[in-house]
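Asker: predicted model, plus sequence, below.
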There are 2 protein chains.
Amino acid sequence: LGVSRHTVTTAYGHLAAEGFLDGRRRGGTVVSDLVALREPYTWSGPVLDLPPAGFTEEILFDLRPGTPDPRLFPITEWKRHARWAVDHHEAGYGDPAGITDLRLVLARWIAKSRGVDASFRQLMVTSGAQQAFFLLIAARTLPGDTVAVEDPGYHRFRNVVEAHGARVAPVPVDEDGIVVEAIPPEAKVVYVTPSHQFPTGVTMSMSRRLALLKLARDQDTLIIEDDYDSEFRYVDRPLEPLYRLDRSGRVAYVASFSKTLSPALRLGYVVVPPELLSDILDLREQVDWAPSQVDQLTLKGYLAVGEFERYLRKTRRIYQQRHSLVTDFLRVEATRHSLQPVASNAGLHVATHLNAGAETVLCRALADRGVAVEGLSTYFAGPTATGGLLFGFGQTNADQLQEALEIVGDVLNRV
Amino acid sequence: LGVSRHTVTTAYGHLAAEGFLDGRRRGGTVVSDLVALREPYTWSGPVLDLPPAGFTEEILFDLRPGTPDPRLFPITEWKRHARWAVDHHEAGYGDPAGITDLRLVLARWIAKSRGVDASFRQLMVTSGAQQAFFLLIAARTLPGDTVAVEDPGYHRFRNVVEAHGARVAPVPVDEDGIVVEAIPPEAKVVYVTPSHQFPTGVTMSMSRRLALLKLARDQDTLIIEDDYDSEFRYVDRPLEPLYRLDRSGRVAYVASFSKTLSPALRLGYVVVPPELLSDILDLREQVDWAPSQVDQLTLKGYLAVGEFERYLRKTRRIYQQRHSLVTDFLRVEATRHSLQPVASNAGLHVATHLNAGAETVLCRALADRGVAVEGLSTYFAGPTATGGLLFGFGQTNADQLQEALEIVGDVLNRV
């Protein structure tokens, strides 16, 4: 090809990092099974209005994304730590940032699991990631300010921005993640899900990560990095979090236990940039003072003895099996139908793109057969939305999933 | 006196209702032991700046108000219900208003204990009363709006108002509670503690209650009624909550388990006026989505089987003994010193007024002896503050309290 060995190696490295190549042990390198959509989005009709919860039909198989399997919740262990927590909770309202012991354990955990090196003093325990979003937006923006979000993206983040009176600026997402050059220069905040873009599932490329950090530095923008499900990564090592690459203190790293343990616990945390820390602490005191001590101590005990890691190892295997079922199915169907699966090696759902208006037809036909599937178009905030389907596997075991996918295949053949 | 029997009976009724007369069984009526200060506040110096938590000395006896006795927390029962709660918590994020079963139990509880007749649909479980304050202020005011508060009053409510950018209008409190005619007509919200004014301890008189409700009706004002500790009422029946007297849907009734069980649980609730309900639900979803299910189910179990009522009967006896120790002590000391105790038959603290700048001197002298006592002046928001001391008995048992009061007596004799 007339290029140097170094150029080839670098190119391979990038392709692998971004999910297009799979490195096999002693087997060289092969093109990834699921190659991200390369074409621009083809859907250019009006935004579809299909509310995610709008299923009037009976749901036999719930393939909607967003929640882990409640049957995997570590009931016995959690009860043991909850008993201990009731015995050891302290009098008083507690620290608005959360119990120091828990923050120390969390700081150790994210250092080990994600390479995020932050002092427990920067770490605040929140009532889910949702509260972290709220606190960051309230502390960093004024009504009328602009907040850039991925489009498609997480609607519950956009809702926080709108409730605060700030302006949502939807920024397109392509196979490399958010299109950094499309971020409006006046944006005070940019919200991203670099590890596993929600809902498309793409990984933000290293070059985009660096471009985004440069933008934040140049324009004094706060980046909210929502690392909502990187615990479930099945193949490659994840890219480094933005927080770790950042040298200018402009990244707030948000995570939660909603996708690993249960959203019912309302337990999340945020690593707050130093210059926002005192505002965020003040605000948290006004909003609800402090997190519940019993829940915090339960989590602390559960993390400290290593049970969470064991639980993750176990559940990762289970979800990996379901992930394979879905991706194997989609690979076959993609060749026969217009489905265009998005390369994804993480999380609890897989997205596919769809040509034109097929999304509505398929969602309705599946709902009629008792299969609840969410449309990709419902996650868009911008003027145009593209179609697609999200196949979540948090709420169905492998047998149920197999059954549900057979129905999906059947419906695909009929429409 | 040349007045009719009816006038006399009515006057007696009012005096008794407002705490100036005690009805004794078969003993006729006597003037209440503790008569509220009748004079206007005498302190007219600058606001004292003595931060409540600013004790650098070692604390041997903590007489600061605001928390119940952690040694009385029903550990065994709570653990039993917590185990049950972990077993029964449901998948998913849950209802932003809280679990229906808990809201049904709470609605039954406030109907029985306070005569508050509200549908569970109006009732939202919050992360302490603090979150209820935040939601109400955020839903009902815009930055720049005026919010009237009792002065002296609860600083953590004022903080919420200020954080929201609204204007705090401090309104004086006298022996009948908030001075309704001093509420600025532009106030969008009025915050009151009618059952047991915080921190003075006075009960809002019936005529003031009716005047406040009339004002709310005439000027479309939201009343936030914070019923923070009426569970601990030692002598008479409490007056009816504003919520119960209201016929125009303008009262938000707020309560919590922070003063009965523990503030560490972060469990409170609010009965929301119907016209605010959908805004408050929306806002709660943005702020932290929903309360923790395990905590909610634990509380539900604990309330549903009647254990909370038994716990209240038991702890009420214990706190009543401490309340008597403090009021007996103050009655004696008031005759010898310049202390002017405020009539109070409820709660976990008793307030006294003090002439001139004696507060600072006494607080410092007591701190030197290891007794932490808060000054009344620190609770004022207005331009002038009056002196006083708050004697809290949530954190000391009867023996410790006796010892602490001996030190107080000793210090009073020396300064």
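Answerer: Yep, it's here. This one's a predicted model, so the numbers in the text were calculated from it and none came from an experiment.
Asker: who's in contact with the residue of the stretch 301-415 of chain A found nearest chain B?
Answerer: Going by C-beta to the nearest C-beta, chain B is nearest to A:Q395 of the stretch 301-415 of chain A, at 7.3 Å. Yep, even glycine has a C-beta here, placed from its N, CA and C like the rest. By C-beta atoms under 8 Å, 6 or more residues apart in numbering or on different chains, the contact list for A:Q395 reads A:62-64, A:67, A:69-70, B:91.
Asker: count of neighbours near A:L277?
Answerer: Other residues within reach of A:L277, judged by other C-beta atoms under 10 Å in any protein chain shown, total 16.
Asker: got the phi/psi numbers for it?
Answerer: When read as degrees, to the nearest 10, the backbone of A:L277 gives phi -60, psi -50.
Asker: who does the nearest residue to A:A334 once chain neighbours are set aside form a beta bridge with?
Answerer: Spatial nearest neighbour of A:A334, chain neighbours left out: A:P341 (5.5 Å); criterion: C-beta to C-beta, 6 or more residues apart in numbering or on different chains. Counting by DSSP bridges, A:P341 is bridged to A:T352.
Asker: quick check: A:P341 vs B:G301, distance?
Answerer: Look at A:P341 and B:G301: by C-beta to C-beta, to the nearest Å, they are 46 Å apart.
Asker: shaky segments in chain A?
Answerer: Residues of chain A meeting the criterion pLDDT under 70: A:1-56, A:356.
Asker: ranges for the helices of it?
Answerer: A:5-17, A:75-88, A:100-114, A:128-140, A:155-163, A:206-219, A:242-245, A:277-287, A:293-304, A:307-336, A:358-368, A:398-414 (DSSP state H).
Asker: quick check: buried residues in the longest one?
Answerer: Translated: helix A:307-336. A:307-308, A:311-312, A:315-316, A:318-319, A:322-323, A:325-327, A:329-330, A:333-334 (16 or more other C-beta atoms under 10 Å in any protein chain shown).
Asker: tell me the angle that helix makes with helix A:100-114.
Answerer: On the basis of axes from the mean of the first three to the mean of the last three C-alpha atoms, to 10 degrees, helix A:307-336 is oriented at 40 degrees to helix A:100-114.
Asker: show me what helix A:307-336 is packed up against.
Answerer: Helices and strands touching helix A:307-336, by 3 or more C-beta pairs under 8 Å, 6 or more residues apart in numbering or on different chains; DSSP states H and E, are strand A:340-341, strand A:349-353, helix A:398-414.
Asker: could the ones you listed be laid out in CSV, adding mean neighbour count?
Answerer: What follows is the helices and strands packed on helix A:307-336, written out as CSV (neighbours: other C-beta atoms under 10 Å in any protein chain shown):
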stretch, mean neighbour count
strand A:340-341, 22
strand A:349-353, 26
helix A:398-414, 16
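Asker: closest to A:I110 out of those?
Answerer: Closest of the helices and strands packed on helix A:307-336 to A:I110 is strand A:349-353, at 23.3 Å (criterion: C-beta to C-beta).
Asker: right, and A:E57 touches A:A367 too?
Answerer: Yes - look at A:E57 against A:A367 with C-beta atoms under 8 Å: they come within range, at 4.9 Å.
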